[in-house]
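Q: fold the following.
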Amino acid sequence: MDTVNPVDAGSTEVPKTVQEHLCLAQAALAERVKAGLDRDMSMAAIGTLNEMLRQINEHRPVGDNGKHGVGRCTETCGCEGHHAPWSLTFWPECSCEQ
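A: Below is the predicted model of the structure:
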């Protein structure tokens, strides 16, 4: 079995990675609903994940193509030059082309 290395808590990849993993969880729960398993609990969890994703998108907005890109930075997006809210890291220059 392959070893999975978690993303460093100070990394600019944290919001992106969390968003991707929440989307995977959401898709897995949707499959459970389709299969008729734990429908009520799964639907409630999907609603919670939707809210979590909405909040992440406020910090690190993405376009229709799923990319953060130039012009979408916020004070809490985690790009270089912006304070990462999940760490004490601060970068001197912005690199908004992520």
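Q: could you pull out the helices in the protein for me?
A: Using DSSP state H, the helices found in the chain span residues 14-34, 39-59.
Q: highest mean neighbour count out of these?
A: Scoring the helices of the chain by mean neighbour count under mean count of other Cβ atoms under 10 Å gives helix 14-34 as the most buried, with a mean of 15. Quick note: C-beta positions are derived from backbone N, CA and C, even for glycine.
Q: between that helix and helix 39-59, how many degrees?
A: On the basis of axes from the mean of the first three to the mean of the last three Cα atoms, to 10 degrees, helix 14-34 is oriented at 160 degrees to helix 39-59.
Q: what's helix 14-34 packed up against?
A: In terms of contacts (3 or more Cβ pairs under 8 Å, 6 or more residues apart in numbering; DSSP states H and E), helix 14-34 is packed against helix 39-59.
Q: what packs against the helix it packs on?
A: By 3+ Cβ pairs under 8 Å, 6+ apart, helix 39-59 packs against helix 14-34.
Q: who's in contact with His59?
A: By Cβ atoms under 8 Å, 6 or more residues apart in numbering, the residues touching His59 are Pro15, Thr74, Thr76, Cys77, Gly78, Pro85.
Q: if you could redo that for Arg39, that was the one I meant.
A: Contacts of Arg39 by Cβ under 8 Å, 6+ apart are Arg32, Val33.
Q: 7 Å instead, please
A: Val33 (Cβ atoms under 7 Å, 6 or more residues apart in numbering).
Q: next one: Ser69 from Pro61, what distance?
A: One correction, residue 69 is Gly, not Ser. 9 Å (Cβ to Cβ, to the nearest Å).
Q: touching the lowest-mean-pLDDT helix or strand in the chain from outside, list them.
A: Confidence across the helices and strands of the chain bottoms out at helix 14-34, with a mean of 90, counting by mean pLDDT, DSSP states H and E. If you take Cβ under 7 Å, 6+ apart as the criterion, helix 14-34 is touched by 7, 38-39, 42-43, 45-46, 49, 52-53, 56, 59-60, 78, 86.
Q: farthest-separated two in the residues you listed?
A: Greatest spatial distance in the contacts of helix 14-34: Arg39 and Gly78, 35.6 Å, computed using Cβ to Cβ.
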